[in-house]
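Chemist: Model the following, please.
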Amino acid sequence: MVRWNSPLVTPMLPHLLVYLIAIVSAAGPAHAEGLRVPSQAAGSAADSRRQGDAPMNEQMFVTPNAFQGSDVQRINEAIRSAAGTGRRVVIPRRNRGEDGERDVWLLDSAILVQSDTVLELNNCHMKLSDSCRDNMIRSANCGLG
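Modeler: Numbering: from 1, shown residues only. Purely as a prediction, here's the structure:
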């Protein structure tokens, strides 16, 4: 029997979480919308507001679309801003970058998942660039080999 804190499983946990969240998000595409912000009182007019319309500091998730830079820079910046706050990072299907809207996220290097971070792939299409010689997703505490 393999324990969750064994040396074989612990390095793989961030990857397993991303995989499991991707499966769950594929099963229910509407689960990331319509979430209530916990600090709001029940029954208030703001309860009917969609989660994506809330200001960034009130949202229960962070999206890379709120940041500037290349696709992977924006994703990693979203992960850094969400780390330790309890918010998850949601990569949506639509990539709203500086060069317009696209349906693909082009990765020049690996997405670096930090500890205590949830990365949710919400029906998105990610592609490694032709010049990338890295993994698609890896742990942020993993150094160069």
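Chemist: When you work out contacts or count neighbours from here on, use the C-alpha atoms and nothing else.
Modeler: Noted.
Chemist: mind listing the strands for the chain?
Modeler: 61-62, 88-91, 95-97, 100-102, 105-107, 111-113, 119-121, 126-128, 137-139 (DSSP state E).
Chemist: closest to Gln68 out of the ones you listed?
Modeler: strand 95-97 (7.4 Å; CA to CA).
Chemist: do you know which of the strands of the chain lies nearest Ser81?
Modeler: strand 61-62 (7.9 Å).
Chemist: Asn122 against Arg94, yeah?
Modeler: No: here Asn122 does not reach Arg94: they are 9.6 Å apart, not a contact under CA atoms under 8 Å.
Chemist: hang on, the earlier thing: pipe the strands of the chain into TSV and attach distance to Ala78 and mean neighbour count per row.
Modeler: Output for these, formatted as TSV (distance: least, CA to CA, whole Å; neighbours: other CA atoms under 10 Å):
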stretch	distance to Ala78	mean neighbour count
strand 61-62	6	24
strand 88-91	7	24
strand 95-97	13	19
strand 100-102	18	10
strand 105-107	14	21
strand 111-113	10	23
strand 119-121	10	24
strand 126-128	16	16
strand 137-139	14	16
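Chemist: Dump those into CSV; add distance to Ile79 and mean pLDDT as well.
Modeler: Formatted as CSV, these follow (distance: least, CA to CA, whole Å; pLDDT from 0 to 100):
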stretch, distance to Ile79, mean pLDDT
strand 61-62, 8, 95
strand 88-91, 6, 96
strand 95-97, 16, 94
strand 100-102, 21, 94
strand 105-107, 15, 96
strand 111-113, 7, 95
strand 119-121, 8, 95
strand 126-128, 16, 96
strand 137-139, 12, 92
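Chemist: With distance to Arg74 added, can I get those strands in TSV?
Modeler: Listed next are the strands of the chain as TSV, based on distance: least, CA to CA, whole Å:
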stretch	distance to Arg74
strand 61-62	11
strand 88-91	10
strand 95-97	9
strand 100-102	14
strand 105-107	10
strand 111-113	10
strand 119-121	13
strand 126-128	13
strand 137-139	14
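Chemist: Asn76: which of those strands is closest?
Modeler: strand 111-113 (6.1 Å).
Chemist: Does anything pack onto that closest one? Which helices or strands?
Modeler: helix 71-82, strand 137-139 (3 or more CA pairs under 8 Å, 6 or more residues apart in numbering; DSSP states H and E).
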